[in-house]
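Q: Based on what follows, work out the 3D shape:
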Amino acid sequence: MKKVLTPFTVTATDDESRTISGRIVTFEETGNTSIGKVQFAVGSIEAQPVLLNLEHDRTRRIGSTLSMDQTDKEISATFKIAKTTAGNDALVEAAEGLRDGFSVEVSFDEYETLKDGTVRILKGELTAVALTSEPAIRSARVESVAATEEDSAPTTDADVPTTTEGDEVDNTVTDASAVETVEAAQSVTAAATTVGGFSSKPRIELTAVKYLENKIKAALGDEDARQSVMAADTTDNAGMVPTRQLAEVVNGLATSIRPSIDAISRGVLPDAGMSFEIPKVTQVPLVETEAEGAAFADRDLESAFISVPVLKFAGQQKFSVELFTRTSPVFFNELLTNMSAAMANHQNKVVNAKLIADSTLDATTVAAYPTAAELLGIVSRGAASVYGATKGLPNPFARNMIVSTGQWANLMSLNDAGRPIYNTVTNPSNQAGVATPTSLTGQVAGLNLYVDPENGGDGDGTILIVNPSAYTFYESGQYQLRAESTADGSITVGIYSFGAIATKIAAGAFKNNKA
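A: As a prediction, the model looks like this:
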């Protein structure tokens, strides 16, 4: 049974009945969780009473389920908040937008992994909900926080002023209609502002209209308006114009594509062992034309085993507990994305190197990037060579071409008497191939084109003509994660997987030969 901590955002608070309400689960929406990107399928979890914890700490219970409502789009809940100091603080923080996130804890064992690595939960059990400060799915927000006037901090006789008939007494509870609704990065509506004996003030609204209104009121002697103007005056209060950091991350280094693996066949890794064997026929029986009464041609069927080692691909990152507890979900999303991309990158490098090492070297050399005629020669010689080596396979033909980025650039420049023959042309009947500045895959000289960004230049093996059935990459899963806390309080996150590249027929690939 796996466990996931999925953050959502509190959308409502109601201060009159000590409750916090909001959406805790949104079905079919992707969010960042403790295990990476996660989606909940419709009906994958059922609404049931649970306890409300503070920041997933089960020793800090602050409330319990009052009600839950489930539809085919979401699960919404209302929690009764305990009359404790932590409960009082939680009401204030939710109303003020300081801690307004819901995060569900779900145990699950039925799931699927989407192409982008997102875990889509098909069936799970809701075990708890936490009030958090960093939500990941922004569609779920607190809608109301409620605390009764009786829940205010106790007062003594000395705290209560003596009044007589006709005296006016200031109301210590702010009317709900006086509380402003503020729309910023998140929206929070407070129904009342006296929570646990603490009175919260409306937030400053930094808009041109509100600033002008407060300017006028301040000029007429309104002290609250004057303070609002002073707070909004960015000349002396530069901190009121914070530098925002977007959730968008620029990353020009990592890529998860695996062109060399995509250009060969794929298989499922055996469930045990660090090597496995594949039987291979090394000699076939002989049949010849014989004279009448002569002996039959005699040659035995022989076989051997291809021994394939299982490779471990692994990497890790170590970071502090401060980064773990005080960072935004963007860090963990980028960490997982980049670690999985690094794994894909290395797996592709291993396969590309194996193809280059085992393939047949062209007997004809080319001094530089090939001309159109020279490229056609490489393709034709490679196709014939691969067919001769793999003629016994169900599909004995070369079908794919893997090229370096340098060869890809050269392909787009090839022409015959000024006519591009390896770029898209207008006459389909006269089109030799498709290779454009946006085509990492395409068709060239009848072969499927794959551009490998980890291979560059024009050296041996920068052009590979491949029968995909001659090479197979076996893997059981994309990756697995491991996390552990070390003695110095830091956290190590590791990623690993197992895979194997099997050369079934080495001559099933043919490579260019640079002079």
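Q: quick one: G499 and V268 touch, right?
A: No. Here G499 lies out of contact with V268, judged by CB atoms under 8 Å, at a distance of 10.8 Å. Yep, even glycine has a C-beta here, placed from its N, CA and C like the rest.
Q: what bits of the stretch 51-200 of the chain have low per-residue confidence?
A: Counting by pLDDT under 70, the stretch 51-200 of the chain shows low-confidence ranges at 134-144, 147-200.
Q: What ranges does it have for its helices?
A: Ranges of helices in the stretch 51-200 of the chain, per DSSP state H, counting those that start in this stretch, are 85-95.
Q: cool, the stretch 201-350 of the chain as well?
A: Using DSSP H, counting those that start in this stretch, helices in the stretch 201-350 of the chain cover 208-219, 223-232, 259-262, 321-326, 329-358.
Q: Report the contact partners of A128.
A: By CB atoms under 8 Å, 6 or more residues apart in numbering, the contact list for A128 reads 50-53, 56, 58, 104-105.
Q: Now flag whichever of the residues you listed is closest to A263.
A: When the contacts of A128 are ranked by distance to A263 (CB to CB), V104 comes first, at 41.9 Å.
Q: ok, what's across the strand from the nearest residue to L52 once chain neighbours are set aside?
A: Using CB to CB, 6 or more residues apart in numbering and skipping the chain neighbours, the partner closest in space to L52 is G63 (3.9 Å). G63 has these beta-bridge partners by DSSP bridges: L52, I81.
Q: distance of G63 from T132?
A: Distance, G63 to T132, using CB to CB, to the nearest Å: 14 Å.
Q: List the contacts of the residue nearest to L52.
A: 20, 51-52, 79-82, 87, 90 are the contacts of G63 under CB under 8 Å, 6+ apart.
Q: closest to A254 among those residues?
A: Using CB to CB, those come closest to A254 at L52, 37.9 Å.
Q: Relative to L91, how far out is the closest one?
A: 12 Å.
Q: Settle it for me: which of those two has more neighbours?
A: Legend: neighbour count by other CB atoms under 10 Å for L52 and L91, higher for L91 (29 against 25).
Q: So in terms of bridging, what pairs with E484?
A: According to DSSP bridges, beta-bridge pairing links E484 with T492.
Q: Give me the pLDDT for it.
A: Turning to E484, the model gives it a pLDDT of 76.
Q: quick one, what contacts it?
A: E484 neighbours (CB under 8 Å, 6+ apart): 491-492, 494.
Q: picking up where we left off before, list buried members of the contacts of G63 by neighbour count.
A: Neighbour-count burial (16 or more other CB atoms under 10 Å) applied to these gives 20, 52, 79-82, 87, 90.
Q: Dump those residues into JSON lines; add distance to A291 as well.
A: Converted to JSON lines, those look like this (distance: CB to CB, whole Å):
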{"residue": "I20", "distance to A291": "98"}
{"residue": "L52", "distance to A291": "94"}
{"residue": "F79", "distance to A291": "96"}
{"residue": "K80", "distance to A291": "101"}
{"residue": "I81", "distance to A291": "102"}
{"residue": "A82", "distance to A291": "102"}
{"residue": "G87", "distance to A291": "103"}
{"residue": "A90", "distance to A291": "100"}
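Q: of those residues, closest to G456?
A: Checking these one by one against G456 (CB to CB), the nearest turns out to be L52, at 55.3 Å.
Q: ok, now how distant is the closest one from I45?
A: 16 Å.
Q: List the backbone torsions phi and psi for E475.
A: phi -150, psi 150 (degrees, to the nearest 10).
Q: list the contacts for it?
A: Contacts of E475 by CB under 8 Å, 6+ apart are 266, 268-269, 347, 497-500.
Q: per-residue pLDDT, N32?
A: So, for N32, pLDDT stands at 76.
Q: The helix or strand harbouring it pairs with which strands?
A: For N32, the host element (DSSP states H and E) is strand 31-33. With DSSP bridges as the criterion, the sheet partners recorded for strand 31-33 are strand 36-40 (antiparallel).
Q: The partner strand to helix 329-358, inter-axis angle?
A: 110 degrees (axes from the mean of the first three to the mean of the last three CA atoms, to 10 degrees).
Q: hmm, back to that, take the contacts of G63 and lay them out in a markdown table including distance to Y387.
A: Output for the contacts of G63, formatted as a markdown table (distance: CB to CB, whole Å):
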| residue | distance to Y387 |
| --- | --- |
| I20 | 70 |
| L51 | 68 |
| L52 | 68 |
| F79 | 70 |
| K80 | 75 |
| I81 | 75 |
| A82 | 76 |
| G87 | 76 |
| A90 | 72 |
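Q: which of those lies closest to P279?
A: L51 (58.0 Å).
Q: correct me, but that closest one touches R61?
A: Yes. L51 is within contact range of R61, at 5.4 Å (criterion: CB under 8 Å).
Q: all helices in the stretch 401-515 of the chain, in order from the N-terminus.
A: 405-411.
Q: Point out where it drops to low pLDDT.
A: 416-440, 478, 486.
Q: At which residues are the strands of it located?
A: Listed in chain order, the strands of the stretch 401-515 of the chain (DSSP state E, counting those that start in this stretch) span 415-416, 419-420, 433-434, 441-444, 447-452, 463-466, 471-475, 480-485, 491-503, 509-514.
Q: quick revisit: how close does the residue nearest to L52 get to S340?
A: 37 Å.
Q: again, but for G101
A: 26 Å.
Q: picking up where we left off before, can you convert the contacts of E484 into TSV and add a column each for neighbour count?
A: As requested, those are exported to TSV (neighbours: other CB atoms under 10 Å):
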residue	neighbour count
I491	16
T492	13
G494	15
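Q: Show me which of those residues is closest to L464.
A: Nearest member of these to L464, counting by CB to CB, is G494, at 32.8 Å.
Q: domain assignment for the chain?
A: 2-154+174-203, 204-244, 309-514 (automatic domain parsing).
Q: Which of G101 and S340 has more residues huddled nearby?
A: G101 (26 against 21).
Q: circling back to that earlier point, most neighbours among the contacts of E475, please name it.
A: Neighbour max across the contacts of E475 (other CB under 10 Å) = Q347, 22 neighbours.
Q: Can you read off the pLDDT for that one?
A: Value for Q347, per-residue pLDDT: 94.
Q: go on, A231?
A: A231 is assigned 54 on the pLDDT scale.
Q: So which of the strands of the stretch 401-515 of the chain is nearest I306?
A: It's strand 491-503; of the strands of the stretch 401-515 of the chain, that one is closest to I306 (CB to CB) at 6.3 Å.
Q: Return the list of helices and strands in contact with that closest one.
A: strand 302-309, strand 311-319, helix 329-358, strand 471-475, strand 480-485 (3 or more CB pairs under 8 Å, 6 or more residues apart in numbering; DSSP states H and E).
Q: Just the strands from the stretch 1-150 of the chain, written as ranges.
A: Counting by DSSP E, counting those that start in this stretch, the strands of the stretch 1-150 of the chain are 2-9, 11-26, 31-33, 36-40, 51-54, 57-70, 74-81, 101-113, 119-132, 142-146.
Q: distance between the shortest one and the chain's centre?
A: When C-alpha coordinates are averaged (CA atoms, centre = their mean, to the nearest Å), strand 31-33 and its chain have centres 9 Å apart.
Q: what do you get for stretch 323-340?
A: 10 Å.
Q: If we go by neighbour counts, what in that stretch is buried?
A: Applying 16+ other CB under 10 Å to stretch 323-340 flags 324, 329-330, 332-333, 335-340 as buried.
Q: Mind putting those into a markdown table with distance to G31 and pLDDT?
A: Shown next, in a markdown table, are the buried residues of stretch 323-340 (distance: CB to CB, whole Å; pLDDT from 0 to 100):
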| residue | distance to G31 | pLDDT |
| --- | --- | --- |
| F324 | 18 | 72 |
| P329 | 8 | 63 |
| V330 | 12 | 67 |
| F332 | 12 | 74 |
| N333 | 10 | 75 |
| L335 | 16 | 83 |
| L336 | 13 | 82 |
| T337 | 15 | 84 |
| N338 | 19 | 89 |
| M339 | 19 | 89 |
| S340 | 18 | 88 |
